[in-house]
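1. sequence-free structure coming up:
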């Protein structure tokens with residue numbers, strides 16, 4: 001397993017370099033001008049100087065190399081300096097946002113807690129709800145519980161977040177007045193009252209996201225459980241006199257979790273990416289809204305950095321899913 005992990009980590013390096021090159025070239029070919037936001041009263045020669053200051057006058061390969069150095073060499077040094085109080089990155093130019101003229105990673109770190117608190121909570125809630133529903137629906141196939149679970153899953157799949165988000169705002173905020181319709185990102189949790197307010201404003205976005213994620217995970221869990229409940233080893237375990245709880249929750253569940261682990265692991269990067277539509281609906285000032293704002297402002301360094309971070313997370317959690325396969329199923333060996 002250790003050899004496999006090291007080999008995959010080594011192969012991830014050229015993979016990520018190729019992904020970064022593709023992202024960079026796609027953004028270079030995308031239409032739009034960073035100077036489009038500049039007022040028309042600014043003279044053309046001043047615009048040209050601003051363009052040169054942003055590095056747009058340099059060749060493409062030079063700009064790509066500078067971005068690689070800034071992201072893979074300077075930004076880790078900034079992190080080390082922040083943790084240990086060193087000065088390795090002092091005086092080095094970081095990845096700068098064209099829109100805010102501040103370091104991109106500083107903005108990402110500021111927005112990340114909002115995304116983790118809302119989208120991360122929704123993902124955890126969805127997993128805790130979806131797995132028991134999928135397990136029991138498969139064990140009681142075609143029962144009223146299974147039919148109800150299927151109906152709720154179809155609703156979660158069919159209703160898009162921009163509709164369900166507006167719907168819960170109208171019901172729980174406008175009509176009932178239970179929860180605030182807009183997420184207050186300036187709220188500081190330093191007392192019991194502020195903690196209650198934080199929970200109240202998290203309920204609706206977490207509800208919308210959890211419904212969508214639960215619908216997906218519960219269907220995967222149910223299908224995987226049904227596939228394993230009819231296997232020969234289940235009949236053998238029952239014939240040996242094992243209890244039904246041990247057969248289902250130990251033997252069947254462990255084998256059924258293998259495909260579900262893939263869905264869960266590859267869905268975790270979406271936590272950091274944020275639910276773009278949901279963050280827009282509830283005005284959550286997170287990573288998803290940051291990406292939308294950067295695209296609208298043609299802020300290429302911000303868009304490039306965020307999309308590459310998502311790619312790194314996908315590659316990393318894909319590796320974690322493969323390692324978990326060997327833990328869940330002793331028959332899977334990579335060495």
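-> Great, that's in hand. Predicted, not measured: the structure shown is a model, and the values here were computed from it.

2. ok, and for the helix or strand containing residue 309, which residues are buried?
-> Counting by DSSP states H and E, the element that carries residue 309 is helix 300-328. For helix 300-328, a neighbour-count test (16 or more other CB atoms under 10 Å) marks 300-317, 319, 321-326 as buried. For glycine as for every other residue, the C-beta is placed from the backbone atoms N, C-alpha and C.

3. I'd like to know which elements it is packed against.
-> Contacts defined by 3 or more CB pairs under 8 Å, 6 or more residues apart in numbering; DSSP states H and E place helix 300-328 against helix 2-29, helix 104-115, helix 253-267, helix 269-273, helix 287-296.

4. my guess is residue 98 contacts residue 301, does it?
-> Yes. Judged on CB atoms under 8 Å, residue 98 makes contact with residue 301 at a distance of 6.2 Å.

5. what angle do the longest helix seen in the chain and helix 253-267 make?
-> Longest helix in the chain by number of residues, with DSSP state H as the criterion: helix 192-229. With axes from the mean of the first three to the mean of the last three CA atoms, to 10 degrees applied, the angle from helix 192-229 to helix 253-267 works out at 130 degrees.

6. got the buried residues for the following helix or strand past helix 192-229?
-> Next helix or strand after helix 192-229 toward the C-terminus (DSSP H and E): helix 232-239. Buried residues in helix 232-239, defined by neighbour count with 16+ other CB under 10 Å: 234, 237.

7. and the contacts of the helix or strand just after helix 232-239?
-> Next along the chain after helix 232-239, taking DSSP H and E as the criterion, comes helix 244-246. With CB atoms under 8 Å, 6 or more residues apart in numbering as the contact definition, helix 244-246 has outside contacts at 237-238.

8. buried stuff in helix 244-246?
-> Under 16+ other CB under 10 Å, helix 244-246 has no buried positions.

9. list the contacts for the residue nearest to residue 256 when sequence neighbours are not counted?
-> The shortest distance from residue 256 to any non-neighbouring residue, by CB to CB, 6 or more residues apart in numbering, is to residue 224 (4.1 Å). If you count contacts by CB under 8 Å, 6+ apart, residue 224 has them with 134, 256-260.

10. my read is that residue 325 contacts residue 257, right?
-> No. Between residue 325 and residue 257 there is no contact under CB under 8 Å: 9.7 Å.

11. which stretches of the stretch 201-335 of the chain have low pLDDT?
-> By pLDDT under 70, the low-scoring segments of the stretch 201-335 of the chain are 270-274, 328-335.

12. hmm, try it at 80
-> 242, 244, 250, 266-280, 288, 296-299, 321-335 (pLDDT under 80).

13. try the stretch 51-200 of the chain
-> Checking the stretch 51-200 of the chain against pLDDT under 80 turns up 51-60, 74-76, 78, 81-101, 157, 162, 181, 183-190.

14. how about the helices in it?
-> Remark: helices assigned in the stretch 51-200 of the chain by DSSP state H, counting those that start in this stretch are 60-69, 75-84, 104-115, 121-139, 144-158, 161-168, 192-229.

15. how about those in TSV, adding distance to residue 20?
-> Formatted as TSV, the helices of the stretch 51-200 of the chain follow (distance: least, CB to CB, whole Å):
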stretch	distance to residue 20
helix 60-69	7
helix 75-84	13
helix 104-115	14
helix 121-139	26
helix 144-158	33
helix 161-168	29
helix 192-229	29
